[in-house]
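Asker: A structural model of the following input is requested.
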Amino acid sequence: MSTRFLDCGDTAFSVEFGSTIAPEINARVMALHGAIAAEREAGRLTGVVETVPSMRALLVIYDPMAATRAALQPAIEALLAGGRVAEVRSRRLTLPCCYDDAEFALDLDDVAERTGVSPEEVIKLHLASEFRVYVVGFMPGLPYLVGLAKKLHLPRRASPRVRVPAQSVAIATEMTVVYPFESPGGWHLIGRTPVSMFDARRGAEATTLAPGDTVRFRRISRAEYDSLAAEAERTPFDVARFVEVAP
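Answerer: Modelled structure (predicted):
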């Protein structure tokens, strides 16, 4: 698997691992993201400001007064060639989701018809899927979760909606997304979570999910959704509440 280094202006460059969305490619992106973080914590790779992972590449942003691509690229190549690639720090989270209200699951029946299963089976397949956060972007906090059951793979809607409610859980291709804010969108809406993907009240921890996280969904009733949503209105959820604790 070839690796390419590409300039991104005069203060950043991209390390590209491939041209497709694939678990092995994203794993390499996240591993390098973790390795560079470890090097920085150890006082090495001076001048790196931050790294931003995407589905198939890692953006390396640096301070041009303290470093150059010419100096940083060989150090990163040495990390890759020497096998000094750390495992990314990740969490396993379970997010509550209400599928049982027509207001939330506007496309559930259509997804069922197009995939040849019942609406209940659509829900069961979504609940059985284990997702990995490949990237967070487009809007603050919006996670792209890869791992949807193959039976549910569909292209995006032919006609996007002008307004999709915040916290809608939606599917398209092999992915699920959760809308952090009301916005236009062309994904198929099958449920809604009371957990905001971005809550500025949490300060530096405003974003709920991070690249590398593993996510599953837990089915809740409309009554439980309303109770949790009311709680979230009063005070922001501590994300640790939804993190699975290893036995």
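Asker: in this protein, which spans are strands?
Answerer: Ranges of strands within the chain are 4-7, 12-16, 48-53, 57-62, 92-97, 131-136, 143-146, 161-164, 168-172, 175-178, 183-185, 188-192, 214-219, based on DSSP state E.
Asker: quick one: average pLDDT of the second one?
Answerer: So that's strand 12-16. Regarding strand 12-16, the rounded mean pLDDT is 96.
Asker: Export it to PDB, keeping only CA atoms.
Answerer: What follows is strand 12-16, C-alpha atoms only, in PDB (Å, rounded to 0.1, in the frame of the first residue of the first chain):
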ATOM      1  CA  ALA A  12       0.500  21.700   6.200                       C
ATOM      2  CA  PHE A  13       0.900  18.600   4.200                       C
ATOM      3  CA  SER A  14      -1.200  15.400   3.800                       C
ATOM      4  CA  VAL A  15       0.000  11.800   4.200                       C
ATOM      5  CA  GLU A  16      -2.200   9.800   2.000                       C
END
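Asker: circling back: show me the one of the strands of the chain that comes nearest Ala229.
Answerer: strand 188-192 (9.0 Å; CB to CB). Glycine gets a C-beta too; all of them are placed from N, C-alpha and C.
Asker: So which residues make contact with that closest one?
Answerer: Identification of contacts with strand 188-192 by CB atoms under 8 Å, 6 or more residues apart in numbering yields 97-99, 101, 104-108, 110-111, 122-123, 126, 154, 156-157, 164-165, 167-172, 217, 225.
Asker: re earlier: looking at the strands of the chain, which one is packed in the most?
Answerer: Across the strands of the chain, averaging neighbours per residue (mean count of other CB atoms under 10 Å) puts strand 188-192 on top, at a mean of 26.
Asker: quick revisit: generate a ChimeraX selection restricted to the buried entries among the contacts of strand 188-192.
Answerer: A single ChimeraX command suffices to select whichever of the contacts of strand 188-192 are buried according to 16 or more other CB atoms under 10 Å:
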select :97,98,99,104,105,106,107,108,110,111,122,123,126,154,157,164,165,167,168,169,170,171,172,217,225
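Asker: And the chain, split by domain according to the record?
Answerer: Using automatic domain parsing, the domain parsing of the chain gives 4-81, 92-242.
Asker: ranking these by mean pLDDT, which is last?
Answerer: Of all the domains of the chain, domain 4-81 carries the lowest average pLDDT, namely a mean of 91.
Asker: Ala230: how many residues sit nearby?
Answerer: 10 (other CB atoms under 10 Å).
Asker: Look up how far Tyr179 lies from it.
Answerer: Distance from Ala230 to Tyr179, counting by CB to CB, to the nearest Å: 20 Å.
Asker: And Ala67, by the same measure?
Answerer: 37 Å.
Asker: Tell me which of the two has more neighbours.
Answerer: Using other CB under 10 Å as the criterion, Ala67 and Tyr179 rank with Tyr179 on top: 24 against 18.
Asker: Next step: the contacts of strand 188-192 restricted to helices.
Answerer: In helices, defined here by DSSP state H, the members of the contacts of strand 188-192 are 108, 110-111, 122-123, 126, 225.
Asker: Sweet, I'm off.
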